[in-house]
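Trainee: sequence first, predicted model second:
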Amino acid sequence: MSRPWIEFIQSQRLPWQDDALPRLRPGAALRCLSRDARAGACSVLLRYPPGFATAPIALDCDEELFVIDGTLQVGAQTLGPYGYAHLPAGHDAGPCGSEQGAIVLTFFATEPLASSQPRSPDPRRLVPALDALALPYTGDFHPQFPPGAGRRLLYRDPVTRDTTWLLGTLPLRRAERSEVHPTVEEMYLLAGEVHGDRGVMRPGAYFWRPPGVAHGPYGTQTGNLYFFRTRGGGLSTTYVDAARPFQWRPPYAVVLPAEYEGARGEVESGAARW
């Protein structure tokens, strides 16, 4: 896996690339959160302009998407804010459009290209539309997980066990230990703030963390809402003693590859989410 460790960036500090996918999503602007240089897999924000429309195009890769703002039509489905879909490679969802425009968190499993040959995707891996606002919270998903949080499961791959979920936490929640996972963990902060071991994350914060890296502890004064994914299996956690004790308003000390140095920096409370 050749994707660099990013922990963390505020996506607001990344540039928008106009019409970055002209053959697939003509007119949509792209903000690249992270990318695998070998496979072309990438995590991006797509900004669809009002009146966006494109013909049906099946992709050679899985596409996973989560609407942050606006509405997106994917075939017969309309995804509003916090709408989710998982479209396996080869699936023809139909035309894509947005009357009012949309900001969509999007993940391509390999280089996003039009499908080169017909294929029959595994129906178990298709989630055409899911409204995260209507899902129930679940708890007790790890016996040692500090109380005060709930999880809304969006997708679990039946083959790889890769998992996507929302995590909401209560105000004034904090932890004292660090965590280690055997999988990649990827996160985009949708709301609230997070005080961690690398600074204070605000809405729009993003990280891509390789397996085996101890991180945290974390806390929040306001409460928050995270979008999480794992790659390389389902989430499991080992709790370890923290290298440094938890503190509110920790110093800014991020890990960024050279190509993201221009995005270094925090954002103020109340900054736009994108």
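Mentor: Now that the structure is in, tell me what you want to look at. Note that the structure is a prediction, hence the values are computed from the model and not measured.
Trainee: which parts of stretch 106-119 count as buried, going by neighbours?
Mentor: 106-110, 112 (16 or more other CB atoms under 10 Å). For the C-beta atoms, the positions are set from N, CA and C on the backbone; glycine is no exception.
Trainee: which SS class is Thr230?
Mentor: strand (DSSP: H, G, I helix; E, B strand; the rest coil).
Trainee: quick check: bridge partners of it?
Mentor: Judged by DSSP bridges, the bridge partners of Thr230 are Glu185.
Trainee: use 264 as the first number from now on
Mentor: Done: numbering now begins at 264, and the last item shifts to Thr493.
Trainee: can you give me the distance of it to Gln510?
Mentor: Between Thr493 and Gln510 the distance is 28 Å, computed by CB to CB, to the nearest Å.
Trainee: cool, and Trp268?
Mentor: Distance, Trp268 to Gln510, using CB to CB: 23 Å.
Trainee: same thing with Gly459?
Mentor: Applying CB to CB to Gly459 and Gln510 gives a distance of 10 Å.
Trainee: the two: which has the busier surroundings?
Mentor: Gly459 (23 against 13; other CB atoms under 10 Å).
Trainee: the more buried one pairs with what?
Mentor: Under the criterion DSSP bridges, Gly459 forms beta bridges with Gly462.
Trainee: returning to what we had before: keep only those of the buried residues of stretch 369-382 that are in strands.
Mentor: Judged by DSSP state E, strands contain the following of the buried residues of stretch 369-382: 369-371.
Trainee: picking up where we left off before, widest-spaced pair of the buried residues of stretch 369-382?
Mentor: Greatest spatial distance among these (CB to CB): Thr369 and Thr373, at 13.5 Å.
Trainee: so Gly525 lies in a strand, does it not?
Mentor: No. Checked against three-state DSSP, Gly525 lies outside a strand; its state is helix.
Trainee: so what's it closest to, chain neighbours aside?
Mentor: Once flanking residues are discounted, Gly525 sits nearest to Arg276: 7.8 Å by CB to CB, 6 or more residues apart in numbering.
Trainee: please apply the same query to Leu350.
Mentor: Leaving aside its chain neighbours, Leu350 sits nearest to Glu326 (4.7 Å; criterion: CB to CB, 6+ apart).
Trainee: give me the neighbour count for the one you found.
Mentor: Counted with other CB under 10 Å, residues neighbouring Glu326 total 20.
Trainee: does it touch Phe371 like I think?
Mentor: Yes. Assessed by CB atoms under 8 Å, Glu326 is found in contact with Phe371 at 5.8 Å.
Trainee: can you get me a residue count around Ile269?
Mentor: 21.
Trainee: pretty sure it is touching Pro473, no?
Mentor: No. Using CB under 8 Å, Ile269 is not in contact with Pro473; the gap is 9.9 Å.
Trainee: low-scoring stretches of this structure, by residue?
Mentor: 264, 402-407 (pLDDT under 70).
Trainee: name the residues of stretch 419-428 that come out as buried.
Mentor: Buried, per 16+ other CB under 10 Å, within stretch 419-428: 420, 425-428.
Trainee: what is the most widely separated pair among these?
Mentor: It's Asp420 and Trp428 that sit farthest apart of the buried residues of stretch 419-428, by CB to CB, at 12.4 Å.
Trainee: returning to that earlier point: can you lay out the buried residues of stretch 369-382 as a markdown table showing distance to Tyr489?
Mentor: Below are the buried residues of stretch 369-382 laid out as a markdown table (distance: CB to CB, whole Å):
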| residue | distance to Tyr489 |
| --- | --- |
| Thr369 | 17 |
| Phe370 | 15 |
| Phe371 | 21 |
| Ala372 | 21 |
| Thr373 | 25 |
| Pro375 | 25 |
